[in-house]
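In: pasted the sequence and its predicted model underneath.
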Amino acid sequence: MKTEVSKRNFVKELSLINKNKFTLEQTKSLYLGLLYEIISSKEVFKRNRDIEDFIYTVFKKRYNDYLYKARPYLASRVLKDVSEDYEFLKMSASVKLIILYLQDKDSSNNINNFEGKRSSNNIEDETIGWFHSVRKGSNQD
């Protein structure tokens with residue numbers, strides 16, 4: 001039960017990122033912080049090996065086995081790669097993938113709060129709309 005509540009809390013917090021209320025820098029900081037918390041959370045991923053599927057599904061990356069032995073090492077490596085390689089548009093898309101991943105795992109545990117998978121076109125359209133509105137807001141500074 002604690003696992004499902006923890007996942008729902010992360011989904012709520014991640015949903016805030018795409019609501020156009022933050023600057024690009026704030027969005028990146030919030031995203032990286034939440035990503036670190038998700039990887040570190042024993043409630044979301046009971047075993048370190050459970051994180052491997054999450055990272056591959058969301059980021060399409062594989063890491064060496066030694067990184068999966070310690071969550072801080074793994075989290076710092078993922079955050080380093082994400083902050084170096086990801087631009088804001090990709091970051092927003094990965095937020096949606098993380099939300100879908102966490103909700104999909106909840107639905108497999110008989111939690112009935114899954115909104116349903118959306119098509120990739122809808123996700124891309126929403127992400128592009130979010131990016132343009134955030135970009136306009138940061139130009140007004």
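Out: Happy to help now that I have it. Residues are numbered from 1 along each chain as shown.
In: what mean pLDDT does the strand or helix carrying residue 11 get?
Out: Per DSSP states H and E, residue 11 falls inside helix 2-17. The average pLDDT within helix 2-17 is 84.
In: what residues does it touch?
Out: Helix 2-17 is contacted from outside by 27, 30-31, 34, 37-38, 41, 43-44, 46, 92, 95, 98-99, 102-103, 105-106, 109, 111, 113, using C-beta atoms under 8 Å, 6 or more residues apart in numbering. Where C-beta positions appear, they are placed from N, C-alpha and C, glycine not excepted.
In: from these, which ones fall inside helices?
Out: Judged by DSSP state H, these include 27, 30-31, 34, 37-38, 92, 95, 98-99, 102-103, 105-106 as members of helices.
In: for ChimeraX, write the select line for the buried members of those.
Out: Buried subset of those, written as a ChimeraX selection, criterion 16 or more other C-beta atoms under 10 Å:
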select :27,30,31,34,38,92,95,98,99,102,103,105,106
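In: tell me which element residue 79 falls in.
Out: Using DSSP H and E, residue 79 sits in helix 71-85.
In: CA atoms of that helix as CSV?
Out: C-alpha atoms of helix 71-85 as CSV (Å, rounded to 0.1, in the frame of the first residue of the first chain):
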residue,chain,number,x,y,z
ARG,A,71,21.5,3.7,-5.8
PRO,A,72,23.5,6.9,-5.3
TYR,A,73,26.0,6.0,-8.0
LEU,A,74,23.2,5.0,-10.3
ALA,A,75,21.2,8.1,-9.7
SER,A,76,24.2,10.4,-10.1
ARG,A,77,25.1,8.7,-13.4
VAL,A,78,21.5,8.9,-14.7
LEU,A,79,21.2,12.6,-13.7
LYS,A,80,24.5,13.4,-15.3
ASP,A,81,23.5,11.8,-18.6
VAL,A,82,20.0,13.4,-18.5
SER,A,83,21.3,16.9,-17.8
GLU,A,84,24.0,16.6,-20.5
ASP,A,85,22.0,15.0,-23.2
